[in-house]
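Engineer: Sequence plus the predicted model coming up.
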Amino acid sequence: MLNQELAKIFYEIALYLQMDEVAFKPQAYERVGASLENLSQSVDSIYKKEGLMGLEKIPGVGRGIAEKIIEYLENGQIDEHEKLKKKIPVNLEELSAIEGLGPKSIKKLYHKLGVKNREDLESAARKHKIRDLEGFGEKSEERVLKSIEFLKKSKGRFILGFIMPAVREIENQLGRLKETKKIVVAGSVRRRKETIGDVDILIVSDTPRPLMDFFIKMPEVIQVWAHGETKSSIKLQNGLDIDLRVVPEKSYGAALNYFTGSKEHNIALREIAIKKGYKLNEYGLFGYGRGRASRGSTSQILKSIREEVEPRKNWRQIAGTTEEEIYKLLGLDYIEPELRENTGEIEAAKADKLPKLINYSNLQGDLQIQTNWTDGKNSIEEMARAAMEAGLNYIAITDHSKRLAMTGGLDEKKIQKQWQEIDRVNKKLHASGFKFHVLKGSECDILKDGSLDLPDEILSKLDVCGAAIHSYFNLSRKDQTERLKRAMRNPNVDIIFHPTGRKIQSREPYDLDIDEIIKTAKETNTILEVDSYPDRLDLKDEHIRKCVEAGVMLAIDSDAHSVSHLPYLEYGIAQARRGWCEKKDIINTRPLPEMLKLLKDKQE
Ligand code: DGT
Ligand code: CA
Ligand code: CA
Ligand code: ZN
């Protein structure tokens, strides 16, 4: 916690210094902020053990900053930070999260309009006071309002891939207890939604009490919302709410089904149960009267539901130990959790028409990887070895192109030099007996008019030519669609990376006619990417379903900028499953030669 608090302060100092256009120092503070966030040891314990010298070993920390850290440890604040805050007393955390609002705009809004926080900003924008400020305009006023709306909508939800390590940690702690017979995380986590509101954990046990006591006393707990015999609810330090329920073995399937949801899926299942003369709830699937599959009349069932009683007397449990038997007795094929949104899966299950979803172990390669040739952290060889360890057979190195100067994007010369390094790495790996292969690729920038940042003679020599938009997010729908279509029509472009450009909870997608894009992808045999990076996940589930229906092939890539990002592929696969993808719909489930053949099958 301490490291995060300090990181936040250093980021704020950086922003304040940027308001005054101080050179270099802001970047230094940002660097320190980032390295504090990634530190595994608390600065407090480093200081206790090794003093000032210890702090200076943290990347980016020199004498001056080390002294500031000590100041904070001793006084709970940093003098420079306090002084800067006094000069411009605004809520920087709130304001800097607004898309398009940089430090200089924040300063101006404070001086001219007295805007101190998001509420002030919204009211100024609604009163149309912002559009008349120098350097702003009607467009930026609209953008401010849009961004505020967006942030309001996403408040309180967590991005699945970022919070999952914390969820699994809790699952492991509870799973290790001797009272736990079975444990599973249900709810939106099990359905692999992009974001989750809270975590719903289900445990099978005959002795709930010690489990409940352990749960509410875990060191990460900062709030106990409820503490019952079989049901408790807490908040963790990181803000995450967790519900825990303990059920007996015989209700496990029914409880799992109920708490996995979605609510809409549950309601639809319950209606089917009623029509069949059964009753379905979190305790089980019940028939009326004697005999295993006996049924009740609709009025009997409705009466018992109205009374909200636990099944009594004449209702007998006919299923509920497993989810599978519930679906079976309802006349449905088993429905995977990722599909349970009541968007057609129940009808498909009835008609035996559910897709055979791509598996979490089906990927053979990863077609979008950045390295330290641009804004990635690791070398080509490090990425290759990490991918190999993750069980992949090939990766494409796709560093940025020259227009993205801040990433050190590669120009014609530099990319050809990179090819030599890729050849070297391949040779070395093959000499050690590995079958793994590193492909030459690019994340080539799509310019404003839809042309590409590297010449065709370079692009045509790439194994994997990805193209992506990184600028002019605000073009009209027509222009943006035309821009992307033009890029797809380039015969050298194999894949469109992160096709919608959204960032979950921070940036809306650019305005695109997605149906047009899918149509053009089909016509030109261009692959569209499911980007696995947890806050990207373009395409959305509904887009993916459209691609599958149209026969547009997809790639699932990590967009890794470090070896630690490779596990994100799991979330891309989850997204593809939520979009009803089968293995055959994903190009990088194929062995290398077959993948390359499909990739180069471009139509103009
Ligand atoms: P979240 O937490 O907002 O990301 O979404 P969920 O789906 O995890 O929702 P949550 O935590 O409120 O409830 C967990 C599951 O419990 C939900 O997916 C379905 C079930 N459930 C909750 N409330 C109701 C309800 O009123 N009716 C029915 N049929 N099921 C419910
Ligand atoms: Ca939940
Ligand atoms: Ca819940
Ligand atoms: Zn990109």
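Structural biologist: Ah, there it is. Numbers count the residues shown, from 1 in each chain. Ligands and ions are numbered 1, 2, ... in the order given.
Engineer: all contacts plus neighbour counts: C-alpha atoms, from now on.
Structural biologist: Fine.
Engineer: hmm, who's touching stretch 539-547?
Structural biologist: If you take CA atoms under 8 Å, 6 or more residues apart in numbering as the criterion, stretch 539-547 is touched by 498-500, 514, 518, 529-531, 553-554, 575-576, 578-581.
Engineer: check those residues against ligand 2, which are close?
Structural biologist: By CA under 5 Å from the ion, no member of the contacts of stretch 539-547 lies near ligand 2.
Engineer: where does residue 565 fall, phi/psi-wise?
Structural biologist: Dihedral pair for residue 565: phi -90, psi -10, per degrees, to the nearest 10.
Engineer: if I pick it, what's in contact with it?
Structural biologist: With contact taken as CA under 8 Å, 6+ apart, residue 565 is in contact with 533, 558, 559.
Engineer: Swap in 7 Å and give it another go.
Structural biologist: Residues near residue 565 by CA atoms under 7 Å, 6 or more residues apart in numbering: residue 558.
Engineer: Got the domain ranges for the chain?
Structural biologist: Using automatic domain parsing, the domain parsing of the chain gives 2-153, 158-247, 254-350, 365-602.
Engineer: what's the span of the second one, first residue to last?
Structural biologist: For domain 158-247, the first and last residues are 27 Å from each other (CA to CA, to the nearest Å).
Engineer: Next one: that domain, is it in contact with ligand 1?
Structural biologist: Yes. Domain 158-247 lies within reach of ligand 1 by CA under 6 Å from any ligand atom, at 187, 188, 196, 197, 198, 200.
Engineer: Sort out which of those residues are in helices and list them.
Structural biologist: 187, 188 (DSSP state H).
Engineer: can you redo the residues of domain 158-247 next to ligand 1 as CSV with distance to residue 595 and pLDDT?
Structural biologist: Listed next are those as CSV, based on distance: CA to CA, whole Å; pLDDT from 0 to 100:
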residue, distance to residue 595, pLDDT
187, 36, 98
188, 33, 98
196, 34, 97
197, 38, 95
198, 39, 96
200, 39, 98
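Engineer: Columns neighbour count and distance to residue 468 on top of the residues of domain 158-247 next to ligand 1, output as JSON lines?
Structural biologist: Shown next, in JSON lines, are the residues of domain 158-247 next to ligand 1 (neighbours: other CA atoms under 10 Å; distance: CA to CA, whole Å):
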{"residue": "187", "neighbour count": "26", "distance to residue 468": "34"}
{"residue": "188", "neighbour count": "23", "distance to residue 468": "30"}
{"residue": "196", "neighbour count": "19", "distance to residue 468": "28"}
{"residue": "197", "neighbour count": "19", "distance to residue 468": "31"}
{"residue": "198", "neighbour count": "18", "distance to residue 468": "34"}
{"residue": "200", "neighbour count": "21", "distance to residue 468": "37"}
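Engineer: same for ligand 2: which of the residues of domain 158-247 next to ligand 1 are within range?
Structural biologist: 187, 198.
Engineer: follow-up on the earlier one: deepest in the core, which of the domains of the chain is it.
Structural biologist: domain 365-602 (a mean of 20; mean count of other CA atoms under 10 Å).
Engineer: of the domains of the chain, which approaches residue 357 most closely?
Structural biologist: Nearest to residue 357, of all these, is domain 365-602, at 4.5 Å by CA to CA.
Engineer: quick one: residue 553 and residue 482, what's the gap?
Structural biologist: Remark: distance between residue 553 and residue 482 (CA to CA) = 21 Å.
Engineer: go on, residue 416?
Structural biologist: On the measure of CA to CA, residue 416 and residue 482 end up 30 Å apart.
Engineer: residues contacting residue 349?
Structural biologist: If you count contacts by CA under 7 Å, 6+ apart, residue 349 has them with 332, 333, 335.
Engineer: what about the last one, is that helix, strand or coil?
Structural biologist: Think residue 335. Look at residue 335: counting by DSSP: H, G, I helix; E, B strand; the rest coil, its state is coil.
Engineer: Contacts only, for it.
Structural biologist: With CA under 7 Å, 6+ apart, residue 335 has these contacts: residue 349.
Engineer: Now with 8 Å, please.
Structural biologist: Residues in contact with residue 335 (CA under 8 Å, 6+ apart) are 327, 345, 346, 349, 354.
Engineer: Could you do the second one as well?
Structural biologist: With CA under 8 Å, 6+ apart as the criterion, the residues that contact residue 333 are 327, 349, 350, 352, 354.
Engineer: And residue 577, by the same measure?
Structural biologist: 338, 339, 357, 358 are the contacts of residue 577 under CA under 8 Å, 6+ apart.
Engineer: Tell me the one of those residues nearest residue 90?
Structural biologist: For the contacts of residue 577, the nearest to residue 90 is residue 338 (42.4 Å; CA to CA).
Engineer: Please tell me I have it right and that closest one contacts residue 573.
Structural biologist: No. The pair residue 338 and residue 573 fails to qualify as a contact (CA atoms under 8 Å) at a distance of 10.6 Å.
Engineer: before we move on, the earlier item: which of the contacts of stretch 539-547 fall within helices?
Structural biologist: By the criterion of DSSP H, membership of those in helices covers 514, 518, 575, 576, 578.
Engineer: Now do the SS call for residue 449.
Structural biologist: Assigned by three-state DSSP, the conformation of residue 449 is coil.
Engineer: any idea of the pLDDT on it?
Structural biologist: On pLDDT, residue 449 comes in at 97.
Engineer: Skipping its backbone neighbours, what lies nearest it in space?
Structural biologist: residue 483 (5.6 Å; CA to CA, 6 or more residues apart in numbering).
Engineer: which secondary structure elements does whatever helix or strand the one you found lives in contact?
Structural biologist: According to DSSP states H and E, residue 483 maps onto helix 477-489. With contacts defined as 3 or more CA pairs under 8 Å, 6 or more residues apart in numbering; DSSP states H and E, the packing partners of helix 477-489 are helix 514-524.
Engineer: go with 10 Å
Structural biologist: Packed against helix 477-489 by the contact rule (3 or more CA pairs under 10 Å, 6 or more residues apart in numbering; DSSP states H and E) you find strand 464-468, strand 495-496, helix 514-524.
Engineer: and the residue nearest to residue 449, what is it in contact with?
Structural biologist: Residue 483 sits next to 446, 447, 448, 449, 450, 451, 469, 475, 477, 512 when contact means CA atoms under 10 Å, 6 or more residues apart in numbering.
Engineer: would CSV of these with distance to ligand 2 be doable?
Structural biologist: Listed next are those as CSV, based on distance: CA to the ion, whole Å:
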residue, distance to ligand 2
446, 39
447, 41
448, 41
449, 44
450, 42
451, 44
469, 34
475, 37
477, 35
512, 31
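Engineer: name the helices or strands packed onto the lengthiest helix in the chain?
Structural biologist: Counting by DSSP H, the longest helix found in the chain is helix 412-431. For helix 412-431, the packing partners by 3+ CA pairs under 10 Å, 6+ apart come out as helix 380-389, strand 394-397, strand 437-445, helix 456-459.
Engineer: Other residues contacting that helix?
Structural biologist: Contacts to helix 412-431, defined as CA under 10 Å, 6+ apart, come from residues 373, 380-382, 384-385, 396-397, 399-402, 409-411, 432-442, 453-455, 457-459, 461-462.
Engineer: could I have it exported to PDB, CA atoms only?
Structural biologist: Coordinates of the C-alpha atoms in helix 412-431 are reproduced here as PDB (Å, rounded to 0.1, in the frame of the first residue of the first chain):
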ATOM      1  CA  GLU A 412      13.000   0.900 -43.200                       C
ATOM      2  CA  LYS A 413      16.600   0.500 -42.200                       C
ATOM      3  CA  LYS A 414      16.100  -0.500 -38.600                       C
ATOM      4  CA  ILE A 415      13.500  -3.100 -39.400                       C
ATOM      5  CA  GLN A 416      15.900  -4.800 -41.800                       C
ATOM      6  CA  LYS A 417      18.400  -4.900 -39.000                       C
ATOM      7  CA  GLN A 418      15.900  -6.500 -36.800                       C
ATOM      8  CA  TRP A 419      15.400  -9.200 -39.400                       C
ATOM      9  CA  GLN A 420      19.100 -10.200 -39.000                       C
ATOM     10  CA  GLU A 421      18.600 -10.400 -35.200                       C
ATOM     11  CA  ILE A 422      15.500 -12.600 -35.700                       C
ATOM     12  CA  ASP A 423      17.500 -14.900 -38.100                       C
ATOM     13  CA  ARG A 424      20.200 -15.100 -35.400                       C
ATOM     14  CA  VAL A 425      17.700 -16.100 -32.700                       C
ATOM     15  CA  ASN A 426      16.100 -18.700 -34.900                       C
ATOM     16  CA  LYS A 427      19.400 -20.200 -35.800                       C
ATOM     17  CA  LYS A 428      20.400 -20.400 -32.100                       C
ATOM     18  CA  LEU A 429      17.100 -21.900 -31.000                       C
ATOM     19  CA  HIS A 430      17.200 -24.500 -33.900                       C
ATOM     20  CA  ALA A 431      20.800 -25.300 -33.100                       C
END
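Engineer: Thanks a lot, catch you later.
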